[in-house]
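Visitor: give me the fold of what follows.
(chains A and B)
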Amino acid sequence: MKGLTELILKIGKVDRRWIFLVLAVVVFIPILTPIGMPIRATATTKVVYDLIENLPPNSNVLVSIEYSPSTKPENHPMTISILRHLFRNNQKVFITCLWPDGQFMAQDAIQQVAIEEFGKVYGEDYVFLGFRPGSEAVIKGIVSNIRKLYTVDVYQTKIDEIPLMDGINKFSDFAYLFSSSAGYPGTVEWVQYAADPTGVPMSSGVTSIQVNEVMPYVQSGQIKGLLAGMPGAAEYEALIGQKGLATSGMDAQSIAHLVIVLFIILGNAAYFIERKRSKKY
Amino acid sequence: MSSTAILGAWIAVFLTFGIFSYLYKDNPFYKMAEHLFVGVSAGYWTSIYFWTQIQPNLFGRLWPASEYNADSFWYKIYNGLGFFSSSIFPEGGIDKGHDMYLIYLIPFALGVMMLLSLIPKINWFARWGIAYTVGMAAGLRAYGYLNSNVIGQIKGTIANLGDPNMPFWSLSSPSIFNSIVIIVGTLTGLIYFYFSKEHKGMLGKISKVGIYFLMISFGASFGFAVMGRISLLIGRFVDLIKYSGSQFHYATIWILVIMIIILGYDAFKDRGKNTPVSEDVVQ
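Guide: Below is the predicted model of the structure:
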């Protein structure tokens, strides 16, 4: 028992750089040799899937990209899975970006899904409207008059010359909104300035760190379903039956969490043992 | 594989390891990556904002191609500006699908006023631009928050208590129990931040309940934050593994080995000196 106590105390005093190294190793190994842990969709993910699945074909769907390369591992797999699902069901997709870097993320997803996987035609099956600065003002602009805000698309083609834009004048012309968000401006602003005032259903895919902030809107029904971080993306990949980066990352995610929990337990144990000893003497 | 892609991979690997190297200690690789990140971000954002907003939506509305008239005084100014930069002010006006709106001279003037903050003698001009931005943002957000965060949340949670079809018990879906928890959590949390009366007696007990709700919320946030960071680490590792292949000329392996040798040599040179890890290394 004394030996164990000494070992815990020793671990409690270990240089933090060793902990970083251990974490790096436990994340690295499962990526190289995946275990294939089971992935089961949570209720919030299932709601997003069901909502898209039940949209009538040729519905106008707005997909907003609000993330940058810094959160690509969490948001990008969601965007790709959502686009796959939408194109597979022959929906008409309109893509906007509230973040400037989102334009590159969107371009990458379009290239992979719309062009390479589904061979969709630009201007007939999907439109890439691109980025406009202004945060909430952009959302307000889309809600009131999208044509005033976007006179040209990302390729500088006039909106009036794009066939798919016929009949699209404001946010309420869309049947559904999916916001792939990593912060401000993003999901919360879409709820406040678009979904709530118009009643257009929206779902969201957010980074893990945002889940707590966004979950109240999901619980109250203001957002219909949520993809929560990398696990949410992995669950969606499982639902559409097409595995991707999120699924392959979940083994590393699970093992890393176990190791972190172990470190937290050991660190706390060391703290309490030390406190008990200092009281004793 | 194109040479640009290979070069990009080497730069990405170098910057990734440069940032990671801070976990060992502050060093020139980290500084280089950090400064590059800040500089490139500033330049990139400036460029993006200019070419997606100022040029098409501001200048495009002041001098649209649809109303171009080379003989008018207004477009003579435009042509004069075009002499300095034909890419910003192309010949024949800016063709971005806009009509002329001279009212956009007001935001143009406010924008110029904000830039005047760089000149100390007349930097007070900037207050006009800032005042407009703050006022506009406050007005815009007041509506959004009131509608979605107050009314929307009340409608979606507390108001549900009167719904006869609502089940009493369910943790994962709307239920009377969940609504009661939300009401209790909100009220006790608010009372915890009520400082006009000393937290004693009943008030103290209620605010203590509020603390528990806050602690649970912070714990959940911490858990999600850890999950997010691990996800990002996985993303970087996936890229590093990809770039370690022969098509990228083993970029990951080369850069890792070179960095370890340089940092190792530096540590060897400084042996005996006490160089503690920076205090702010991932607290």
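Visitor: quick check, A:G130 in a strand?
Guide: Yes: counting by DSSP: H, G, I helix; E, B strand; the rest coil, A:G130 falls inside a strand.
Visitor: where exactly do the helices run in the chain?
Guide: By default, I'm working from chain A. A:2-12, A:16-32, A:43-53, A:72-88, A:102-109, A:136-149, A:187-190, A:196-198, A:211-219, A:229-240, A:245-280 (DSSP state H).
Visitor: oops, chain B please
Guide: Going by DSSP H, chain B shows helices at B:3-20, B:28-49, B:60-62, B:73-84, B:105-115, B:126-144, B:153-156, B:176-192, B:201-242, B:251-269.
Visitor: count of residues packed around the residue of the stretch 51-200 of chain A found nearest chain B?
Guide: Nearest residue of the stretch 51-200 of chain A to chain B: A:P73, at 2.6 Å (Cβ to the nearest Cβ). Heads up, the C-betas are built off the backbone N, CA and C, glycines and all. Neighbourhood size, A:P73 [other Cβ atoms under 10 Å in any protein chain shown]: 26.
Visitor: leaving out the residues flanking it, which one is nearest to it?
Guide: Excluding the flanking residues, the one nearest A:P73 by Cβ to Cβ, 6 or more residues apart in numbering or on different chains is B:G235, at 2.6 Å.
Visitor: in chain A, where is pLDDT below threshold?
Guide: Residue ranges of chain A with pLDDT under 70: A:281.
Visitor: what sits against the residue nearest to A:P73?
Guide: A:72-74, A:245, A:249 (Cβ atoms under 8 Å, 6 or more residues apart in numbering or on different chains).
Visitor: closest one of the residues you listed to A:Q192?
Guide: Nearest to A:Q192 among the contacts of B:G235 is A:E74, at 22.7 Å by Cβ to Cβ.
Visitor: name the residues of the lowest-mean-pLDDT helix or strand in chain B that are buried.
Guide: Every helix and strand in chain B was compared by mean pLDDT, DSSP states H and E; the lowest is helix B:153-156, with a mean of 79. Neighbour counts using 16 or more other Cβ atoms under 10 Å in any protein chain shown place B:153, B:156 of helix B:153-156 among the buried residues.
Visitor: before we move on, what about stretch B:30-49?
Guide: Those would be B:30, B:33, B:48, for stretch B:30-49 by 16+ other Cβ under 10 Å.
Visitor: looking at those residues, spot the one nearest chain A.
Guide: Each of these was scored against chain A by Cβ to the nearest Cβ, and B:I48 proved nearest at 4.1 Å.
Visitor: what's near enough to touch that closest one?
Guide: When the contact criterion is Cβ under 8 Å, 6+ apart, the partners of B:I48 are A:100, A:131, A:133.
Visitor: look up how far A:P133 lies from it.
Guide: According to Cβ to Cβ, to the nearest Å, B:I48 and A:P133 sit 8 Å apart.
Visitor: got it, and B:I103?
Guide: Note on B:I103: its distance to A:P133, by Cβ to Cβ, is 19 Å.
Visitor: the more surrounded of the two?
Guide: Each of B:I103 and A:P133 has its neighbours counted (other Cβ under 10 Å); A:P133 has more, 18 against 10.
Visitor: okay, the residue lying closest to that one once chain neighbours are set aside: pLDDT?
Guide: Distances taken as Cβ to Cβ, 6+ apart place B:Q53 nearest to A:P133, at 4.8 Å, with adjacent residues excluded. pLDDT, B:Q53: 84.
Visitor: so B:Q53 makes contact with A:S135?
Guide: No: with contact defined as Cβ atoms under 8 Å, B:Q53 does not reach A:S135; the gap is 11.8 Å.
Visitor: list the contacts of the closest residue to B:F177 other than its chain neighbours.
Guide: Among residues not flanking B:F177 along the chain, B:W169 sits closest, at 5.4 Å (Cβ to Cβ, 6+ apart). If you count contacts by Cβ under 8 Å, 6+ apart, B:W169 has them with B:175-177.
Visitor: taking the stretch 51-200 of chain B, what residue is nearest to chain A?
Guide: In the stretch 51-200 of chain B, the residue that lies nearest chain A is B:G156 (2.3 Å; Cβ to the nearest Cβ).
Visitor: in this structure that residue contacts A:I223, no?
Guide: No: contact between B:G156 and A:I223 fails when scored by Cβ under 8 Å: they sit 10.1 Å apart.
Visitor: near chain B, which residues of the stretch 101-250 of chain A show up?
Guide: Within the stretch 101-250 of chain A, the positions adjacent to chain B are A:130-134, A:136-137, A:140, A:151-152, A:156, A:158-160, A:189, A:191-193, A:196-197, A:207-212, A:216-217, A:219-222, A:228-231, A:245, A:248-249 by Cβ under 8 Å from any Cβ of the partner chain.
Visitor: distance-wise, check the residue of chain B positioned farthest from its centre relative to B:G92.
Guide: Here the centre of chain B is the reference, and by Cα atoms, centre = their mean the most remote residue is B:D71, at 45.3 Å. Look at B:D71 and B:G92: by Cβ to Cβ, they are 13 Å apart.
Visitor: got the contact list for whichever residue of the stretch 101-250 of chain A sits closest to chain B?
Guide: Using Cβ to the nearest Cβ, the closest approach of the stretch 101-250 of chain A to chain B is made by A:S220 at 2.3 Å. The contact partners of A:S220, by Cβ under 8 Å, 6+ apart, come to B:152-153, B:155-157.
Visitor: for it, give me phi and psi.
Guide: A:S220 adopts backbone torsions of phi -90, psi 0, taken as degrees, to the nearest 10.
Visitor: with only the CA atoms kept, save the least confident helix or strand of chain B in PDB.
Guide: Below are the C-alpha coordinates for helix B:153-156, written out as PDB (Å, rounded to 0.1, in the frame of the first residue of the first chain):
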ATOM      1  CA  GLN B 153     -36.100  29.600 -24.400                       C
ATOM      2  CA  ILE B 154     -39.100  30.200 -22.200                       C
ATOM      3  CA  LYS B 155     -41.400  29.000 -24.800                       C
ATOM      4  CA  GLY B 156     -39.300  25.800 -25.400                       C
END
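Visitor: so which of the helices of chain A is the most packed in?
Guide: Per-stretch averages of neighbours, counted by mean count of other Cβ atoms under 10 Å in any protein chain shown, single out helix A:187-190 among those, with a mean of 28.
Visitor: returning to what we had before: how about the nearest residue to the residue of the stretch 101-250 of chain A closest to chain B, chain neighbours excluded?
Guide: That would be B:G156: by Cβ to Cβ, 6+ apart, it lies 2.3 Å from A:S220.
Visitor: residues contacting that neighbour?
Guide: B:G156 makes contact with A:219-222 under the criterion Cβ under 8 Å, 6+ apart.
Visitor: ditto for B:G189
Guide: Here B:G189 is in contact with B:210, B:213-214 (criterion: Cβ under 8 Å, 6+ apart).
Visitor: quick one: which of those residues is most hemmed in?
Guide: Top of these by neighbour count (other Cβ under 10 Å): B:G210, with 22 neighbours.
Visitor: any idea how far that residue lies from chain A?
Guide: Per Cβ to the nearest Cβ, to the nearest Å, B:G210 is found 17 Å from chain A.
Visitor: contacts only, for the closest residue to B:P64 other than its chain neighbours.
Guide: Leaving out its chain neighbours, the residue that sits closest to B:P64 by Cβ to Cβ, 6+ apart is B:H98, at 4.7 Å. Residues near B:H98 by Cβ under 8 Å, 6+ apart: A:151, B:56-57, B:60-61, B:64, B:66.
Visitor: among these, name the ones in strands.
Guide: Of those, none are assigned to strands by DSSP state E.
Visitor: any of the residues you listed buried? List them.
Guide: Buried, going by 16+ other Cβ under 10 Å: A:151, B:56-57, B:60-61, B:64, out of the contacts of B:H98.
Visitor: please list the residues of the stretch 1-150 of chain B that sit near chain A.
Guide: Contact residues (Cβ under 8 Å from any Cβ) of the stretch 1-150 of chain B with chain A: B:23-24, B:44-45, B:48-49, B:52-53, B:56-57, B:60, B:96-98, B:137, B:140-141, B:144-145, B:147-149.
Visitor: 7 Å - rerun?
Guide: Contact residues, the stretch 1-150 of chain B versus chain A (Cβ under 7 Å from any Cβ of the partner chain): B:23-24, B:45, B:48-49, B:52-53, B:96-98, B:140-141, B:144-145, B:147-148.
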